[in-house]
Structure formats: structure tokens, C-alpha cells
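next comes the sequence, and after it the predicted model I'd like to discuss.
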Amino acid sequence: MRITTSLRVSRRIPLLQTLKTSVAVVLAWVISLWLLPGELPIFAAMAAIFVVQPSINQSLGRALERSLGVVGGVLVALGIGLWFGQDSWIVLGAIVLCILLAWALKLSPGSANQIPISAMLVLVLGAATPTYARDRIIETILGAAIAVIVNALIVPPVLLTPAHDAVTRLTLEVAATFDRVATALLSPQKYADLETLMIQARLLRPMLAKAERAISQAEESLTLNPRQSRHREVLDADTELYARLVPLVTRALGMTRALRDHYDDSLHLEPTVQAFAIELERAAHDLRLLTVPAEGKPADTTTPAPEPLALTAPLMITTPHPQHWILIGALMEDLRRVREEITGE
């Protein structure tokens with residue numbers, strides 16, 4: 001394992017976030033120097049650096065963490081400095097005390113790390129006086145507030161595209177799984193082909209988890225976002241489609257597993273199986289129709305009218321061969337539930 005693996009990431013953070021962090025640091029530094037002259041505004045700059053996050057909701061949470069941590073650390077440093085002084089072993093003891101205090105209070109990692117850092121900086125860099133402690137608290141809150149405002153006003157981040165793309169890819173892959181099962185039912189299959197079919201179907205689970213994470217991130221990016229009213233409709237549509245896809249993934253896996261476990265070379269000769277395969281292809285067709293263009297991507301205007309649904313009423317099952325009735329029954333029940341999810345019945 002290369003040492004740089006833990007130091008570098010596969011993708012850079014967005015350049016816009018880097019620029020916003022720089023702007024927040026500059027503003028926090030200048031405004032703090034203007035309001036609180038006499039000390040370099042290190043606490044304000046640190047707060048601005050850490051508070052600018054990919055979403056406004058995360059920025060607000062980080063601002064609260066930093067502010068709470070600084071207040072706690074400064075107060076501990078003030079008390080220790082007034083009572084015991086600022087010797088080297090006093091600073092070390094204050095750090096250990098802050099670590100234990102954060103553990104006892106069950107604070108989040110952001111606040112737990114900030115308390116000993118703030119206490120150490122106050123004892124090492126400044127005089128442990130009430131005025132100095134007050135100024136450092138004000139400085140930190142000022143830097144955090146500036147960072148939140150900058151993140152909210154300069155193109156507030158909206159993570160809709162990754163969520164929409166993940167849901168669309170999942171929808172198309174579920175439809176492709178239905179098509180593959182339908183194709184396998186129409187002609188004799190080898191065992192290796194059925195195993196390949198099962199492996200491809202199992203890939204739906206990680207795609208489903210990825211779509212869920214993307215939707216959660218998109219939802220978080222809209223929380224407290226001034227642009228959320230313009231994007232809420234798109235996210236709601238993707239969330240609704242994702243809710244439909246959850247049971248459809250289960251049905252697609254169930255169909256594929258049932259076909260692999262109960263397959264017979266004469267299965268494709270069953271009239272009911274032939275009709276079922278046609279209906280499954282129609283289900284895949286109708287599922288693809290549920291995908292909608294992402295915001296900012298106009299829909300195809302060459303189509304004169306929306307394509308109609310192809311699903312028909314549930315099939316009438318004729319008496320199958322005794323070796324096939326379990327598989328056919330399982331497939332038909334899955335198809336019924338697939339139809340209900342697609343049509344919204």
C-alpha cells in the first residue's frame with residue numbers, strides 16, 4: 001500500500017469551494033482586525049477555513065461545533081491561567097483536561113478536538129485574562145458567521161445532478177435486468193449464462209445504495225439553501241422514483257434468482273412463459289419512460305407526443321408442465337408487483 005494513498009484523494013474538492021474558503025478567510029481576517037485590533041485574528045481565520053463546507057447545512061453545523069469548542073477551550077484556559085499560571089506543565093495539563101472533558105460530555109469530534117486546541121493557543125499565545133478570552137470567542141464566532149454567509153451567498157452548492165444521474169442509471173439498469181430475464185426465457189440457456197445473469201442482477205444492490213446516498217446528499221444541500229425553491233421539484237421527482245425502484249430491485253433479483261434455481265431446458269416452450277417474456281419487456285419499456293430529464297437539460301422535442309405505456313392487464317395462466325409451475329407462479333407474482341409499482345396502482 002502506497003503511503004500517499006491516505007494523503008491524497010481521487011478527486012479534488014470543487015474549485016468554487018476553495019475560492020469561497022479563501023474569500024471567507026480574507027473577510028474574517030480583515031473584519032476581525034478592524035473590530036478587535038491588537039491581536040492577529042488567528043481564531044477567526046481558523047473558523048473560516050473549517051466552516052466552509054459542501055453544503056450550507058454542513059457549514060452551519062460546523063460553525064456551531066467550532067464556536068462551542070472555542071468557548072469551552074477558552075473558558076478552561078482562562079480558569080487554569082488565572083489560578084495556576086502559564087507554565088509548560090500547566091499547558092500540558094490543560095490539554096489533557098480538555099480532552100477528558102470533551103469525552104465526558106460526549107461532544108462531537110469537531111468540538112472535542114477544538115476545545116484542547118483553543119485552550120492550548122490561549123495559554124501559549126496570549127494572556128489568560130477575561131478581556132483576551134472574550135475577544136477570542138467573539139473572533140471565532142465572527143469568522144464562523146462570515147464563512148456561513150459567504151457559503152450561502154456565493155453560488156450556494158446544490159447537489160442535484162449526482163442524485164438525478166444515480167437514480168436514472170439505477171432505473172435503466174433495472175429495466176435492462178428485466179430485458180435480460182425476458183430474453184433468457186425465450187431461448188435455451190447455459191448454466192454459465194444464468195450465472196452471468198445473476199451476477200449482473202446483484203450489481204443492483206450497490207447501485208441502489210449509491211442512489212440513496214446521492215439523494216441524501218442532495219437533500220442536505222437544499223437544507224437552509226436560498227435556492228431550494230427552484231430545485232425542490234426536481235429532487236422530489238427523483239426521490240419518488242427512487243421509492244418505486246426499491247421494491248423493483250427486489251423483484252428483479254427475485255426473478256433472476258428464481259430463473260437460475262428452477263431453470264429447465266424446455267421452459268421456453270411453455271406458452272405462458274412466452275407471453276410472460278413479452279409482458280416483462282413491456283415492463284422494462286414502461287420503466288424507462290419514468291425517467292425524466294435533469295434540470296437544465298431540455299427534453300427531446302422531436303417526439304410529437306408522450307410515448308404510451310405498453311403494459312397490458314395481468315396474464316391468464318394456462319396449466320403449465322408440473323416441473324415449471326413453481327417458477328412460473330413465482331415469476332407471475334413478481335410481474336404483478338412490478339406492474340403495480342410502475343403504474344402506481
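Now that the structure is in, tell me what you want to look at.

check which helices and strands the longest helix along the chain sits against.
For the chain, the helix that runs over the most residues, judged by DSSP state H, is helix 228-261. Helix 228-261 sits against helix 160-185, helix 191-202, helix 204-222, helix 325-343, with contacts defined as 3 or more CB pairs under 8 Å, 6 or more residues apart in numbering; DSSP states H and E. Backbone N, C-alpha and C define where each C-beta goes, glycine included.

give me the buried positions along the helix or strand where Val26 lies.
Element membership of Val26 [criterion: DSSP states H and E] is helix 15-35. Under the neighbour-count criterion of 16 or more other CB atoms under 10 Å, helix 15-35 has 17, 20-21, 23-25, 27-29, 31-32 buried.

also stretch 275-283?
Residues of stretch 275-283 classed as buried: 276-283 (neighbour count, 16+ other CB under 10 Å).

re the thing from before, helices or strands next to the helix holding Val26 in the packing?
Of the remaining helices and strands, those touching helix 15-35 by 3+ CB pairs under 8 Å, 6+ apart are helix 42-51, helix 130-153.

how far does it sit from the chain's center?
Chain-centre distance of helix 15-35: 28 Å, with CA atoms, centre = their mean, to the nearest Å.

and what of stretch 204-224?
For stretch 204-224, the distance to the chain centre is 4 Å (CA atoms, centre = their mean).

rewinding a little: in a markdown table: the buried residues of helix 15-35, plus pLDDT and distance to Val71.
What follows is those, written out as a markdown table (pLDDT from 0 to 100; distance: CB to CB, whole Å):
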| residue | pLDDT | distance to Val71 |
| --- | --- | --- |
| Gln17 | 82 | 27 |
| Lys20 | 88 | 25 |
| Thr21 | 91 | 23 |
| Val23 | 93 | 25 |
| Ala24 | 92 | 20 |
| Val25 | 93 | 21 |
| Leu27 | 94 | 22 |
| Ala28 | 93 | 17 |
| Trp29 | 93 | 21 |
| Ile31 | 93 | 20 |
| Ser32 | 91 | 17 |
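
any weak-confidence spans in the chain?
Filtered on pLDDT under 70, the chain yields the residue ranges 1-10, 126-128, 226-229, 266, 268-269, 292-326, 345.

do that again at 50, thanks
295-305 (pLDDT under 50).

show me it divided up by domain.
14-153, 160-295+307-343 (automatic domain parsing).

wait, what's in contact with the residue lying closest to Leu224 once chain neighbours are set aside?
Once flanking residues are discounted, Leu224 sits nearest to Ile56: 4.7 Å by CB to CB, 6 or more residues apart in numbering. Residues near Ile56 by CB atoms under 8 Å, 6 or more residues apart in numbering: 148, 151-152, 156-157, 221, 223-225.

which element is the closest residue to Ile13 other than its chain neighbours on?
Using CB to CB, 6+ apart and skipping the chain neighbours, the partner closest in space to Ile13 is Pro54 (7.9 Å). Assigned by DSSP H and E, Pro54 belongs to no helix or strand.

same check on Ala77?
Per DSSP H and E, Ala77 falls inside helix 56-84.

name the SS class of Pro157, please.
The local conformation at Pro157, judged by DSSP: H, G, I helix; E, B strand; the rest coil, is coil.

residues near it, how many?
By other CB atoms under 10 Å, 23 other residues sit near Pro157.

isn't it up against Ile13?
No: using CB atoms under 8 Å, Pro157 is not in contact with Ile13; the gap is 11.0 Å.

for those two, list the residues in contact with both.
Pro54.

from Ile199, how far out is Gly85?
Distance from Gly85 to Ile199, counting by CB to CB, to the nearest Å: 68 Å.

repeat for Thr272
Computed with CB to CB, the distance linking Thr272 and Ile199 is 27 Å.

so those two - more neighbours on which side?
Legend: neighbour count by other CB under 10 Å for Thr272 and Ile199, higher for Thr272 (18 against 10).

quick check: which element contains the more buried one?
helix 271-289.

report all helices and strands that that helix contacts.
Helix 271-289 makes packing contacts with helix 160-185, helix 325-343 when contacts are defined by 3+ CB pairs under 8 Å, 6+ apart.

can you list these in CSV and add distance to Leu60?
CSV is the format used below for the helices and strands packed on helix 271-289 (distance: least, CB to CB, whole Å):
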stretch, distance to Leu60
helix 160-185, 20
helix 325-343, 37
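
right, so the ones you listed: which one is the most enclosed?
Highest mean neighbour count of these: helix 160-185, a mean of 21 (counted as mean count of other CB atoms under 10 Å).

how far off centre is that one?
19 Å.

that helix to helix 204-222, inter-axis angle?
On the basis of axes from the mean of the first three to the mean of the last three CA atoms, to 10 degrees, helix 160-185 is oriented at 160 degrees to helix 204-222.

tell me which other helices or strands helix 160-185 touches.
Checking 3+ CB pairs under 8 Å, 6+ apart, helix 160-185 ends up next to helix 191-202, helix 204-222, helix 228-261, helix 271-289.

one step back: winner for burial among the helices and strands packed on helix 15-35?
By mean count of other CB under 10 Å, the helices and strands packed on helix 15-35 have helix 42-51 as the most buried, with a mean of 25.

which residues touch that helix?
With CB under 8 Å, 6+ apart, helix 42-51 has contacts from 21, 24-25, 27-29, 31-32, 59, 62-63, 66-67, 70, 110, 118, 121, 125, 136, 139-144, 146-148, 151.
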